[in-house]
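Enquirer: Sequence first, predicted model second:
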Amino acid sequence: MEKDRDVERKIVAILNILKDSPKPLGSRIISRKLKEQGFDLTERAVRYHLRIMDERGLTESHGIAGRIVTAEGIEEANNALVSDKVGMIISKVDALSHLTTFDLNTRSGDIILNVSLIPKEHLEKALEIVAETFKAKLGFTNLLAIAHEGETLGGLTIPEEMAGVGTVCSLTINGILLNNCIPLYSKFSGILKMENSQHKRFIELIYYDASSLDPAEVFIKSKMTDVRSAIESGSGKVLAGFREFPAVCLNNVLEIVEKLEKIGMSGVTAIGKPGQPVLEMPVSAGCVGMVVLGGLNPLAAVEESGIKTENKALCAMVNFNVLGNLGTVNT
């Protein structure tokens, strides 16, 4: 019974990968993407699961190009057991954190990328809004990547009539600290209230280990943010995440955050004292709380401006060198 359940989990994971791809995928790419989610399946094992999925009508072969998901496969993915889907978000967070290889000293290595799709005719306006968000220091960093239709960004091929904007996911800091032997626990993502350019309190939150959906995507599509007001008046509602780390690591964390700020990663907005609440949120005994601005805040502002976005948080790992400032990326 447990073996059958394990197979079903892997099938759902493969279906979700295929569902997010606009073109057929082969076993090699699927295997790589599964590893990013914590599933260690060889190409041969992936092919075995794909044969099962073909027989059940969940996938369809396109020859050497690979497989696509069928309507039945999409329905199967959407109807997957909630208990399984709940575990996939926090598992993905942990897996991508361990895959982060960014080195502060050399400014090289892999970081976690969010990818957002917007209609290409609105790209110029959207980037103006993104620039305003960066200027207000409401994102994790002011670096981004841009891709046009037919190009690939974070393993995602940009569909026709669309443009892709890649932003650094704030969970990248988990991997950076982990590489410095500092464990960081991601508790929740939430809506942070701002007043007079000061971060006040969380007014909504979704715990990573109790959700079947990425919290930031939910908040943006539910129109719960007000990043535009935060940009214009200093008072609004922005995306932010809450982390905890062992109190014995506090001095080391402060040193690393200082280095991050020097290279433009200034998203850490609050670090508390051992065992003390941070922005009114309680902290576990022996730990320190940290608040980090969401990497998707710029795209939340774009959505609020009436430009439709399709956001894929925690999309993929990419090398840091694909990122640039707005004035240097190919728009």
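Expert: Cool, the structure landed.
Enquirer: For T101, see how far away the spatially closest residue to G234 that is not a sequence neighbour is.
Expert: Once flanking residues are discounted, G234 sits nearest to S197: 3.6 Å by CB to CB, 6 or more residues apart in numbering. C-beta coordinates here come from the backbone N, C-alpha and C atoms, glycine included. Computed as CB to CB, to the nearest Å, the S197 to T101 distance reads 35 Å.
Enquirer: more neighbours, these two?
Expert: T101 (15 against 12; other CB atoms under 10 Å).
Enquirer: got the contact list for the residue lying closest to T100 once chain neighbours are set aside?
Expert: Spatial nearest neighbour of T100, excluding adjacent residues (CB to CB, 6+ apart): G175 at 2.2 Å. Contacts for G175 were tallied using CB atoms under 8 Å, 6 or more residues apart in numbering; they are 96-102, 111-112.
Enquirer: Tell me which of those residues fall in strands.
Expert: Secondary structure defined by DSSP state E assigns 111-112 of these to strands.
Enquirer: burial of V130, as a residue count?
Expert: Applying other CB under 10 Å, we find 23 residues neighbouring V130.
Enquirer: low-scoring stretches of the stretch 101-250 of the chain, by residue?
Expert: The stretch 101-250 of the chain contains no residues with pLDDT under 70.
Enquirer: 90 instead, please
Expert: Applying pLDDT under 90 to the stretch 101-250 of the chain flags the ranges 105, 154-157, 208-214.
Enquirer: Run through the strands of the stretch 201-331 of the chain in chain order.
Expert: Using DSSP state E, counting those that start in this stretch, the strands of the stretch 201-331 of the chain run over 236-246, 268-271, 287-293, 310-319.
Enquirer: and stretch 291-303, what's its mean pLDDT?
Expert: If you average the pLDDT over stretch 291-303, you get 97.
Enquirer: Surely I158 and A145 touch.
Expert: No: I158 is beyond contact range of A145, at 11.3 Å (criterion: CB atoms under 8 Å).
Enquirer: Need the distance between the two termini of stretch 270-289.
Expert: End-to-end distance of stretch 270-289: 8 Å, with CA to CA, to the nearest Å as the criterion.
Enquirer: chain center to it: distance?
Expert: How far stretch 270-289 lies from its chain's middle: 24 Å, per CA atoms, centre = their mean, to the nearest Å.
Enquirer: quick one on the thing from earlier: mutual contacts of I158 and A145, please.
Expert: G164.
Enquirer: What is the burial count for L205?
Expert: 17.
Enquirer: Quick one: residues contacting it.
Expert: 188-191, 215, 242.
Enquirer: and it, how far is that from N174?
Expert: In terms of CB to CB, L205 sits 18 Å off from N174.
Enquirer: on that earlier part again, before we go further, the residue nearest to T100 is sitting in a strand, right?
Expert: No: going by DSSP: H, G, I helix; E, B strand; the rest coil, the assignment for G175 is helix, not a strand.
Enquirer: Would you quantify the distance from it to P282?
Expert: Where P282 is concerned, G175 sits at a distance of 26 Å (CB to CB).
Enquirer: quick one, helices of the stretch 151-300 of the chain?
Expert: Using DSSP state H, counting those that start in this stretch, the helices assigned to the stretch 151-300 of the chain run over residues 172-179, 215-221, 227-233, 250-262, 297-304.
Enquirer: Of all those, which one is nearest E55?
Expert: helix 215-221 (32.5 Å; CB to CB).
Enquirer: Okay, buried residues for the closest one please.
Expert: Across helix 215-221, burial judged by 16 or more other CB atoms under 10 Å covers 215-217, 219-220.
Enquirer: Starting from V322, give me the distance back to the closest residue to A316 other than its chain neighbours.
Expert: Leaving out its chain neighbours, the residue that sits closest to A316 by CB to CB, 6+ apart is G154, at 3.7 Å. For G154, the distance to V322 equals 9 Å [CB to CB].
Enquirer: Need the overlap of contacts for those two.
Expert: Contacts common to G154 and V322, judged by CB under 8 Å, 6+ apart, are G166.
Enquirer: my guess is C249 contacts I182, does it?
Expert: Yes: at 4.6 Å, C249 counts as touching I182 under the criterion of CB under 8 Å.
Enquirer: partners of M194 in the sheet?
Expert: Note on M194: beta-bridge partners H199, G236, judged by DSSP bridges.
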